[in-house]
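Undergrad: got a sequence here, can you build the structure:
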Amino acid sequence: MNNTGPFLTSRLLSSVPGLVHGFFTRRGGVSSAPYESLNVSWTNGDAPGSVLENLSRIGGMLGFDRLVSGRQVHGDRLNFIDEPALPELESRPPLLIAPPGDALATDLAGIGLLIKLADCQSVFLADPVAHVAANVHCGWRGSVQNISGKVVRTLAEKYGCVPERMLAAVGPSLGPCCAEFRNFRDELPPGFLPYQVRPTYFDFWAITRDQLRSAGLKAENIDIIGRCTKCGTSEFFSYRGEGVTGRMAAVLGWR
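TA: Numbers count the residues shown, from 1 in each chain. Reported below is the predicted structural model:
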């Protein structure tokens, strides 16, 4: 992991020529408390002008003129952003907004795929040979649906990616120290029980790692940043830790 000002990067993904990425913290923006300061959500009560400025700063820091986001619904749909898809996207500068879904993928240069987070995982995926990158929003409901594994398989089946050469990075998110599920018998499948680290607490980083491995990724090609958002509210937004709060950006794309 590298810490580059207001965002973190993966050493694994940083080795891919032309791939740009950043797991942004809550720092470096203009929003006031409780959204202080780099909030990227328009729907949590923050001032629209502040959100606009924050998004513009994020695009500028990574060198993207166009950022593509979507309405995240805790499902398992993947939107592939290619040339035919671009005219269909809703324009809300500096964002282009995809249909409802929780994963974005592209093979186009100059587009930053943006996921919004406050405890959920952002899972970055890249196939350096096929020149395809994907950004996956994965909360616990996404883990239950195995969205990360499904995206890998979709990229392989429809877009020619090879899982064995794909790279992945899992960003700051709710760690096993804080991922408590008191109603886990109703919310989580029995297959998640081996990931219970102590009564009612689960390791969702390990769940994602194993779902990616089951989809064909090599263990050495998976980088888990390992920073808990609830433990680090001075640096990260955390819905569980703060309630009313902002949303961080995680952005991935090709130069």
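
Undergrad: the most centrally placed residue in the chain bridge partners, please.
TA: By CA atoms, centre = their mean, the mean C-alpha position of the chain lies nearest to Ser122, the distance being 2.0 Å. Taking DSSP bridges as the rule, Ser122 bridges to His137.

Undergrad: tell me, how many residues neighbour the closest residue to Ala98 other than its chain neighbours?
TA: Nearest non-adjacent residue to Ala98, counting by CB to CB, 6 or more residues apart in numbering: Gly70, 3.9 Å away. C-betas here are computed from N, CA, C, even on glycine. Look at Gly70: counted by other CB atoms under 10 Å, it has 26 neighbours.

Undergrad: ok now stretch 182-201, how far from the chain's centre?
TA: Centroid separation between stretch 182-201 and its chain, computed with CA atoms, centre = their mean, to the nearest Å, is 23 Å.

Undergrad: just say helix, strand or coil for Asn135.
TA: Following DSSP: H, G, I helix; E, B strand; the rest coil, Asn135 is assigned to strand.

Undergrad: next: Arg27.
TA: coil.

Undergrad: burial count for the residue nearest to it when sequence neighbours are not counted?
TA: If the residues on either side of it in the chain are set aside, Arg27 comes closest to Pro6, at 4.9 Å by CB to CB, 6+ apart. Counted with other CB under 10 Å, the neighbours of Pro6 add up to 20.

Undergrad: ok, Pro6 touching Gly60?
TA: No. Contact between Pro6 and Gly60 fails when scored by CB atoms under 8 Å: they sit 11.6 Å apart.

Undergrad: for Asp119, see how far away the residue lying closest to Tyr201 once chain neighbours are set aside is.
TA: Excluding its sequence neighbours, the residue lying closest to Tyr201 (CB to CB, 6+ apart) is Glu180, at 5.3 Å. Glu180 is 12 Å from Asp119, where distance means CB to CB, to the nearest Å.

Undergrad: ok, these two, which is more surrounded?
TA: Ranked by neighbour count (other CB under 10 Å), Glu180 and Asp119 place Asp119 first, with 26 against 15.

Undergrad: next SSE downstream of the helix or strand bottoming out on mean pLDDT in the chain?
TA: Ranked by mean pLDDT, DSSP states H and E, the weakest helix or strand in the chain is strand 2-4, scoring a mean of 58. Next helix or strand after strand 2-4 toward the C-terminus (DSSP states H and E): strand 7-9.

Undergrad: hmm, who's touching that following strand?
TA: The contact list for strand 7-9, computed with CB atoms under 8 Å, 6 or more residues apart in numbering, reads 1-2, 21-25, 61, 171-172, 225, 227.
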